[in-house]
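Novice: pasting the sequence and the predicted model now:
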Amino acid sequence: MQHPHDYIEDSNTSDNPEFANLLDQAISRRTVLKGGAGLTAMAMFGALPMMGNGAFAKTTAGAMNLPRPQSLKFKAVPHYTGNEMMVAEGYTAKAFLHLGEPLVDGIEPFRDDRKHSGESFMYRMGDNHDGMNFYGMSNGKFDPHQSNRGLFAINHEYTNDNLHPMGMYTQEDTNAAAIYRKKRLAMDVRRDANAHGVSVVELVRKDNGQFELVKNSRFNKRYTSSTMTQLSGAASGASLVQTKYDKHGKTTWGINNECGAGASPWGTYLTTEENFLNVFARGEDKAVIGAQADLALARYGLKENSTGGGYLWHTADDKDGVVADEFSRWDITARGKTAHDDYRNGFNAFGYIVEIDPFNPQAKAIKRTSLGRFAHENCAFAPAVAGKPIVFYMGDDARGEYIYKFVSKALWSPKDIGKGLKAGDKYMNEGTLYVAVFNADGTGQWRPLTMNTVKHKEYNFANQADIVVHARLAADALGATKMDRPEWVAVSPITGEVYVTLTNNSKRTPDATDAANPRSYNDKGNQHGHIICWREKDGDHAATSFNWDVYLFAAPNDLTEQNLSGLSPDNDLSSPDGLYFDPRGVLWIQTDDGAYTKTTNCMLLAALPNRVGDGKIVSTTTGKNTPVGMMASDDTLKRFFVGPKGCEVTGITMTPDLKTLFINIQHPGEDHPDVAWGAVAGGKVPRSATVMITKDDGGVILGESL
């Protein structure tokens with residue numbers, strides 16, 4: 001996801017293959033071997049077995065053990081550009097848990113003047129809600145079958161200008177030669193920092209079927225950019241993460257830019273640090289740190305004399321013109337004699353999967369460094385199977401970046417459910433990190449990022465800690481395939497196949513298209529995005545090879561050349577982003593769009609995908625022949641919800657009984673001053689919020705299709 005103050009990363013200068021070029025080569029070869037463009041992808045890859053007796057089987061992932069709907073029966077929500085939100089007939093959508101809502105007594109309600117202390121946001125809902133998960137609870141413990149009471153973990157990805165009384169910037173730097181052109185007020189920076197992170201809150205379902213916050217619950221807690229956090233795994237204690245804050249490299253100060261999320265098989269919350277670059281700055285210090293360290297920083301977007309996304313947290317004065325450590329730590333310029341004297345390594349302590357135990361408010365959040373450091377969009381795991389490794393899938397959300405997976409060394413035991421962070425230590429500290437290579441023939445490989453396999457022509461890796469901290473450089477060296485901004489990953493509980501949204505890439509030129517990223521239109525690149533999927537060899541998620549194709553191309557329905565999936569006005573979309581399989585195998589698709597918003601606001605769609613290899617070969621305007629999944633229809637893809645103008649629809653989870661669907665609305669009214677969605681009564685400041693969707697008859701979401 002990219003947002004107003006995000007620096008849109010484009011730091012991959014490697015010569016690694018682009019996915020689109022590979023696709024073109026693959027299809028050209030297949031056409032010659034198999035006899036024509038009408039060849040189906042099923043013939044290429046071979047038919048994949050269905051679970052059960054030739055039909056979609058029931059899944060055991062949900063408490064109700066319901067089968068997947070055979071078709072989508074609800075009436076599609078039409079295109080909508082208004083200031084409210086629209087949901088399918090027979091359903092009600094209600095917003096709650098708005099930005100700034102107090103979690104405990106003693107904190108005043110959110111005011112439209114926004115003159116709240118920065119410290120108060122350690123006890124309020126943060127800004128720009130994103131990934132989340134509902135954890136059923138009975139007697140204060142995790143209960144995966146409980147739907148009426150639970151803990152709700154929710155990310156806060158970034159902050160808007162309107163969080164502050166006078167906007168983002170309030171002081172001009174009078175020194176024209178200064179590297180950092182503007183300065184921030186200390187209170188505004190504290191407000192920013194504490195509105196990032198994660199909220200854990202207790203919810204209870206009332207008699208009307210709606211959930212309410214349990215104020216003052218002992219479980220209510222905020223994890224912010226000001227919270228001390230532990231480092232575990234391969235990089236813990238390494239010299240690369242040692243700072244003035246912790247000379248031993250075991251802890252760091254804060255979690256940042258939390259985007260998507262995942263729930264671990266043992267019942268903890270996995271949140272992800274995505275655009276952490278936004279809050280860091282770097283002066284001129286290449287001569288001090290050396291060419292290799294400079295190369296590594298540039299590969300993550302932080303070159304000399306740069307300010308990431310422009311948050312400028314490092315510029316605030318604490319008092320009397322002195323910049324305190326709470327602010328200076330965001331400036332990684334090497335100024336001291338060693339890394340123990342400054343924050344040159346502070347940047348290396350961000351960009352990880354972070355584990356939180358919502359049922360243990362006393363426990364610190366833990367950054368799981370073995371899973372690699374990059375702009376993590378979310379973390380999806382394959383269904384856990386006793387006696388087999390736990391497998392996590394992750395995307396790096398920046399232009400031309402990669403798709404990764406982590407395979408645990410430990411084998412899964414259901415006895416670890418409920419063991420919290422100790423289980424995380426077992427399954428996330430040791431294992432193998434892989435990066436994906438997509439071949440032109442529709443196959444792919446997972447290449448391990450280890451000291452035995454990684455040889456970079458310009459960077460000398462010292463150890464495994466170096467590899468996970470600089471995972472992008474290691475993946476470059478292994479020839480990983482450059483993708484159009486890999487975002488959310490989801491794994492089907494029915495087929496075990498893995499889906500990834502490639503949301504868009506405005507810089508994809510026609511001559512740079514490839515098999516997996518085959519579209520570029522005029523000077524706008526791949527403006528609408530697509531979703532790819534793959535099946536691991538023999539259905540084994542720990543395998544090192546797979547088969548892939550394109551599940552869905554997003555496009556306006558009336559743009560024939562771009563509409564390669566046969567979309568209609570009832571199911572067309574642009575820029576797929578959030579992705580979630582519910583326990584029955586229904587795929588929910590969310591959008592973060594700027595290319596189709598004159599026609600419709602961002603949305604949520606329901607989908608019933610089939611199999612890798614179930615479609616045919618089509619040709620794009622760039623002349624690329626592309627295997628596209630089965631054409632969409634109103635039975636298999638349909639618009640369920642449309643948000644207010646200017647928003648992104650993101651974050652998604654359900655209660656175990658499938659009677660409440662939660663989604664999030666980020667930055668409503670962005671660049672639209674007439675929108676006051678989510679504002680306090682009588683107010684004008686739009687606020688991000690969570691939306692709970694319920695069926696008017698109290699039944700299961702999409703229960704009409706069963």
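Specialist: Done, it's in.

Novice: any weak-confidence spans in the stretch 151-300 of the chain?
Specialist: 169-181 (pLDDT under 70).

Novice: all helices of the stretch 101-250 of the chain, in order?
Specialist: Secondary structure of the stretch 101-250 of the chain (DSSP state H, counting those that start in this stretch): helices at 186-195.

Novice: what are the ranges of the strands in the stretch 401-550 of the chain?
Specialist: 403-411, 431-438, 443-448, 483-484, 486-491, 498-502, 530-536, 545-553 (DSSP state E, counting those that start in this stretch).

Novice: hmm, I typed the wrong one, I wanted the stretch 151-300 of the chain.
Specialist: Going by DSSP E, counting those that start in this stretch, the stretch 151-300 of the chain shows strands at 171-172, 182-183, 197-205, 211-213, 221-223, 228-232, 251-253, 258-263, 269-273.

Novice: wait, which of these is closest to residue 382?
Specialist: Nearest to residue 382 among the strands of the stretch 151-300 of the chain is strand 258-263; the distance by CB to CB comes to 11.2 Å. Quick note: C-beta positions are derived from backbone N, CA and C, even for glycine.

Novice: give me the neighbour count for the closest residue to residue 193 other than its chain neighbours.
Specialist: Using CB to CB, 6 or more residues apart in numbering and skipping the chain neighbours, the partner closest in space to residue 193 is residue 225 (3.9 Å). Neighbour count of residue 225, defined by other CB atoms under 10 Å: 27.

Novice: for residue 225, give its distance to residue 329.
Specialist: 10 Å (CB to CB, to the nearest Å).

Novice: mind listing the helices for the stretch 451-600 of the chain?
Specialist: Under DSSP H, counting those that start in this stretch, the stretch 451-600 of the chain gives helices at 464-469, 471-477.

Novice: before we move on, back to that, how about the strands of the stretch 151-300 of the chain in TSV, adding mean neighbour count?
Specialist: TSV is the format used below for those (neighbours: other CB atoms under 10 Å):
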stretch	mean neighbour count
strand 171-172	12
strand 182-183	18
strand 197-205	23
strand 211-213	19
strand 221-223	24
strand 228-232	19
strand 251-253	21
strand 258-263	27
strand 269-273	28
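
Novice: one step back: most tightly surrounded among the strands of the stretch 401-550 of the chain?
Specialist: strand 483-484 (a mean of 30; mean count of other CB atoms under 10 Å).

Novice: thinking again about what came up before, looking at the strands of the stretch 401-550 of the chain, which is nearest to residue 18?
Specialist: Here strand 483-484 is closest among the strands of the stretch 401-550 of the chain (CB to CB), at 8.4 Å.

Novice: need the contact partners of that closest one.
Specialist: The set of residues external to strand 483-484 that reach it, using CB atoms under 8 Å, 6 or more residues apart in numbering, is 19, 395, 399-403, 502-505, 508, 516-517, 526, 529-530.

Novice: check contacts around residue 272.
Specialist: 131, 155, 258-262, 352-354, 376-379, 394.

Novice: show me the shaky parts of the chain.
Specialist: In the chain (pLDDT under 70), the answer is 1-10, 19-64, 169-181, 505-507, 514-515, 522-523, 705-706.

Novice: centroid residue for it?
Specialist: Taking CA atoms, centre = their mean, the centroid of the chain lies closest to residue 377, which sits 2.6 Å from it.

Novice: and that one, which of the three is it?
Specialist: strand (DSSP: H, G, I helix; E, B strand; the rest coil).

Novice: swap in residue 14?
Specialist: Classification of residue 14 by three-state DSSP places it in coil.

Novice: from residue 299, how far out is the spatially closest residue to it that is not a sequence neighbour?
Specialist: Counting by CB to CB, 6+ apart, residue 476 is the residue found nearest to residue 14 once chain neighbours are left out, at 4.2 Å. With distances taken as CB to CB, residue 476 is found 8 Å from residue 299.

Novice: no more questions from me, cheers.
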